[in-house]
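> Give me the fold of what follows.
(2 chains)
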Amino acid sequence: MNSLSSISENVSVGCEKAPYQRVRVIEHEIFAHRTRRIRIECPEIASRALPGQFVMLRIPDRNDPLLARPLAVYDTHTHLERDRTSSFSFDCLDLVYLIHGKFTTALEQIKVGDELITWGPLGNGFSLPDVDHLLLVAGGIGQTALLAFAKECLGVKRFGNPFRPATLSRRTTLCWGARTGSFFGGIEDFTSSGVDVHLATLDGSTGIQGTVIDLLNAIPPSLLDRTHIACCGPEPMMAAVGAWATHHSLTCDVSLEAPMACGVGICFTCVAKVRDSTGSWDYRRTCVEGPVFRASSIDWD
Amino acid sequence: MPQRPLQNAPSSQSDESSCDLSVSLGRLKLPNPILVASGTFGYGREMAGYVAVGNLGGVVPKTITLSPRIGNHPWRTVETAAGLLNSIGLDNDGVVAFVEKQLPWLVACGAPVIVSIAGATTEEFVLLAKHLEGVPGIAALELNISCPNVSHGVDLGTDPLACRLVVEGVRAVSSLPLLAKLTPNVTSIATIARAAADGGADAVTLINTCLGLGVDWRRRKTLLGNGMGGLSGPAIKPIALRCVYQVRQAVTIPIIGAGGIMSVDDCMEFFVTGASAVQIGTANFAEPVISTRLLEALPAAVAQLGSSRLADIIGTLTLPGASATVPTIPSAQ
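Numbering: from 1, shown residues only, chains lettered A, B, ... in the order given. Below you'll find the model as predicted:
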């Protein structure tokens, strides 16, 4: 049954889970080469967001770019001049994006104080593992889906409204690969939270020369006891990490980066081939049944 | 069909709070003209958090087929200049699962449910209509004879005879009002619309997507996994308006306009051109709350024409070359 009798009375339109809002840009800064961090003021969304979830972001009042784009929840924040009577745990959401297409090129031009349209938080997010060691694996811009999860598992920050109970991991490691060192942004966000960061670049400009698989192979087997992997990056990289996890008998969740048109399950764009326990596959919508899937359930084609 | 001269606008002052938005599409009566298009609103329940679904003029859930369809290989959509190219491939769980799992929620929420059906042959359309005959809560059927992504060499919506036979076949087994959703990818959409009317359609929905192609020249590959796709969004609005314009002059059955509607101004353009109702499509993706927003803003726009009844402004466009008086149009009653 629908309880929304008059939507126009509400400032934020939408259901409790995913408000649709016009929001203000609080900060917008260079984060790394061709990479920007944007902070938007949206207490309802920030307070509900779970690590691994995403929001849809759209530039208002224009038809080109037409559609919103999904962006991972990077982190949440609270204003310094915070109203202490506020019932929201966070006021702002941080999103990090790579400038690489029509939308992100237009988004880069958005100024502090400008407004954007957003709805979320969307998707399932990461489940909390009961392990001793959380092993995060990022490729390219994929770290954006992993910071909040690292903070949650290390007990640095709690997420959800009400806060979801976190099972703390004793150790958290990030293995992060990129084409070249200038693309690494926010390394200190991970290190300052207590994450052990290992870097690899294809050109050897930062960290070891190689891929995240080379970083994973360098981990002493004794450190892989009671370990769970959370991974986000380009598909071939996630497929390789999933195979590596299977080879080492480790569980691995991946956050898929499928193109989306709506983010809410109505367009059937963002499908991924997902296998069930019988081994047969079906197209599943990444936006509503993901974006986080068990790596072993994905048919990587 | 009775002919009815329309009142000259603007008339006396009109009160937008008492604007009559009700729509008559032949036998099909709708509370208002803001519908949502098939394939752009899921099965309705996905949108419950964004839209007061029960307040809509009608919901057309995602097209169903006789058997489940897995859909097309990704990528399934790609954004183009002010548009969206899609080749979803009618990914759906089939009519049986639809009636069991999706329809009850939609019926309970209260909006008229117009079930969109698609078959590869006339026989499949007839079987679908038979399956849905007598199922409680269905207000009408929309015959999707125009999906550009599932053709098997036979395109029922591009051949006038095939179109008439499909509508006739369904008409013979269904007691429901029938809407024929037509493709713009034809030489004369007026001819196809006449065929649909001859076959017994209560109304036509104009338009489905325009066949298009997206190319990645660097990889020398098509952007969509299935090659060609259907273009929708603001980019095709002039094409949709042109189709309404042509069909309005060719048939007397009511028209539901669809294609690139993003604003109340867009809605009004369709109404004045001759659409009795509109379907919001791609805009649901870009702005999930849009159908509610348009519905709330519509009375003020109708009032701008000095009218307190939506029905009074339908098809009031002055045709080029005609005298400046408001033209006479067939009644939508």
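
> tell me the helices in the stretch 1-150 of chain A, going along the chain?
In the stretch 1-150 of chain A, the helices defined using DSSP state H, counting those that start in this stretch lie at A:43-48, A:102-107, A:147-153.

> Same question for the stretch 201-333 of chain B.
Using DSSP H, counting those that start in this stretch, helices in the stretch 201-333 of chain B cover B:237-248, B:264-273, B:283-286, B:290-304.

> Among these, show me which one is buried the most.
Of all those, helix B:283-286 has the most neighbours on average by mean count of other C-beta atoms under 10 Å in any protein chain shown, namely a mean of 26. All C-beta spots, glycine's among them, are computed from the backbone N, C-alpha and C.

> Just the mean pLDDT for stretch A:138-155, thanks.
In this model, stretch A:138-155 has a mean pLDDT of 97.

> Mind exporting the C-alpha coordinates of that stretch to CSV?
Included here for stretch A:138-155 are C-alpha records, laid out as CSV according to Å, rounded to 0.1, in the frame of the first residue of the first chain:
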residue,chain,number,x,y,z
ALA,A,138,41.0,-2.0,-5.6
GLY,A,139,41.7,-1.3,-9.2
GLY,A,140,41.7,2.2,-10.7
ILE,A,141,39.0,4.3,-9.1
GLY,A,142,37.6,1.2,-7.3
GLN,A,143,38.9,2.3,-3.9
THR,A,144,35.9,4.6,-3.7
ALA,A,145,33.6,1.7,-2.8
LEU,A,146,36.0,0.4,-0.1
LEU,A,147,37.0,3.3,2.3
ALA,A,148,33.7,3.3,4.3
PHE,A,149,33.8,-0.5,4.6
ALA,A,150,37.4,-0.3,5.9
LYS,A,151,36.4,2.3,8.5
GLU,A,152,33.5,0.3,9.6
CYS,A,153,35.4,-3.0,9.9
LEU,A,154,38.2,-1.2,11.9
GLY,A,155,35.7,0.4,14.2
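
> From the centre of chain B, point out the most distant residue.
What lies farthest from the middle of chain B is B:R218; by C-alpha atoms, centre = their mean that is 36.7 Å.

> Show the pLDDT at that one.
For B:R218, pLDDT reads 97.

> Please apply the same query to B:P104.
For B:P104, the model assigns a pLDDT of 97.

> burial of it, as a residue count?
B:P104: 12 surrounding residues under other C-beta atoms under 10 Å in any protein chain shown.

> Is B:G259 in contact with B:L206, as I believe?
Yes - using C-beta atoms under 8 Å, B:G259 is in contact with B:L206, at 7.5 Å.

> Name the residues contacting each of the two.
B:184, B:240, B:243 (C-beta atoms under 8 Å, 6 or more residues apart in numbering or on different chains).

> In a helix, the first one, correct?
Right, the one you point to is B:P184. No - B:P184 is assigned coil when assessed by DSSP: H, G, I helix; E, B strand; the rest coil, not a helix.

> mind checking how far it is from A:R158?
Counting by C-beta to C-beta, to the nearest Å, the gap from B:P184 to A:R158 is 53 Å.

> swap in the last one?
When C-beta to C-beta is the yardstick, B:C243 and A:R158 sit 55 Å from each other.

> ok, and the closest non-adjacent residue to B:T191?
Computed as C-beta to C-beta, 6 or more residues apart in numbering or on different chains, the closest residue to B:T191 that is not its neighbour in sequence is B:P160, at 5.3 Å.

> Could you tell me how many residues sit around A:K111?
7.

> Check whether it really touches A:H28, as I assumed.
Yes - counting by C-beta under 8 Å, A:K111 touches A:H28, with 7.0 Å between them.

> Those residues of the stretch 101-250 of chain B touching chain A, which are they?
Residues of the stretch 101-250 of chain B lying near chain A by C-beta under 8 Å from any C-beta of the partner chain: B:108-110, B:233-234.

> Would you show me how to pick out the buried ones of those residues in PyMOL?
Selection of buried members from those for PyMOL, criterion 16 or more other C-beta atoms under 10 Å in any protein chain shown:
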select buried, chain B and resi 109+110+233+234
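
> Just give me how far stretch A:251-271 sits from the chain centre.
Taking C-alpha atoms, centre = their mean, to the nearest Å, the mean C-alpha location of stretch A:251-271 is offset from the chain mean by 12 Å.

> Of all the residues in that stretch, which ones are buried?
Buried residues in stretch A:251-271 (16+ other C-beta under 10 Å): A:252-271.

> Check stretch B:216-233 too.
Per 16+ other C-beta under 10 Å, stretch B:216-233 contains these buried residues: B:222-224, B:226, B:228-233.

> residue contacts, the residue nearest to B:S307 when sequence neighbours are not counted?
Sequence neighbours aside, B:I313 is the residue nearest to B:S307 in space, at 5.3 Å (criterion: C-beta to C-beta, 6+ apart). Taking C-beta under 8 Å, 6+ apart, we find B:I313 in contact with B:9, B:268, B:271-272, B:302, B:305, B:307.

> B:I313 and B:A250, how far apart?
21 Å.

> ok, back up a step: next, count neighbours for the residue nearest to B:T191.
Neighbours around B:P160, by other C-beta under 10 Å: 18.

> Tell me how far it lies from B:A180.
12 Å.

> Indicate the residue of the stretch 201-333 of chain B located nearest to chain A.
B:F285 (4.0 Å; C-beta to the nearest C-beta).

> just for the stretch 151-300 of chain B, where's the confidence low?
Along the stretch 151-300 of chain B, segments meeting pLDDT under 70 span B:151-154.

> For the stretch 151-300 of chain A, what lies in contact range of chain B?
Within the stretch 151-300 of chain A, the positions near chain B by C-beta under 8 Å from any C-beta are A:258-259, A:261-262, A:264-272, A:282-283, A:288.

> So chain A: which segments form each domain?
According to automatic domain parsing, chain A is divided into the following domains: A:3-122, A:133-256.

> The longest one: end-to-end distance?
Read it as domain A:133-256. Taking C-alpha to C-alpha, to the nearest Å as the measure, domain A:133-256 stretches 22 Å from start to finish.

> Can you tell me the number of residues neighbouring the residue of the stretch 1-150 of chain B at minimum distance from chain A?
Nearest residue of the stretch 1-150 of chain B to chain A (C-beta to the nearest C-beta) works out as B:G49 at 2.5 Å. The number of residues packed near B:G49 is 20, by other C-beta under 10 Å.

> Test my guess that it contacts A:G120.
No - between B:G49 and A:G120 there is no contact under C-beta under 8 Å: 10.9 Å.

> Quickly list what's touching both of those two.
Common neighbours of B:G49 and A:G120 (C-beta under 8 Å, 6+ apart) are A:A18.

> ok, now which ones touch residue 67?
Let's take chain A. A:58, A:103, A:261-262, B:79, B:84, B:285-286.

> I was thinking of chain B, sorry if that wasn't clear
Contacts of B:S67 (C-beta under 8 Å, 6+ apart): B:G94.

> so what's A:T246 closest to, chain neighbours aside?
A:S296 (6.1 Å).

> what about that neighbour, distance to chain B?
From A:S296 over to chain B the distance is 20 Å, taken as C-beta to the nearest C-beta, to the nearest Å.

> just A:Q21 next, same as before
Relative to chain B, and taking C-beta to the nearest C-beta, A:Q21 is found at 10 Å.

> doesn't A:E41 make contact with that residue?
No - counting by C-beta under 8 Å, A:Q21 sits too far from A:E41 to count as a contact (9.5 Å).

> More neighbours: which of these two?
Using other C-beta under 10 Å as the criterion, A:Q21 and A:E41 rank with A:Q21 on top: 23 against 18.

> what are the bridge partners for the more buried one, then?
Legend: beta-bridge partners of A:Q21 under DSSP bridges are A:T118.

> The residues of the stretch 151-300 of chain A next to chain B in strands, which ones?
A:271-272, A:282-283 (DSSP state E).

> that older thread, please give the element, helix or strand, for the residue of the stretch 1-150 of chain B closest to chain A.
Per DSSP states H and E: B:G49 is located in neither a helix nor a strand.

> count of neighbours near the residue nearest to B:S174 when sequence neighbours are not counted?
Once flanking residues are discounted, B:S174 sits nearest to B:A129: 4.3 Å by C-beta to C-beta, 6+ apart. When neighbours are counted by other C-beta under 10 Å, B:A129 registers 24.
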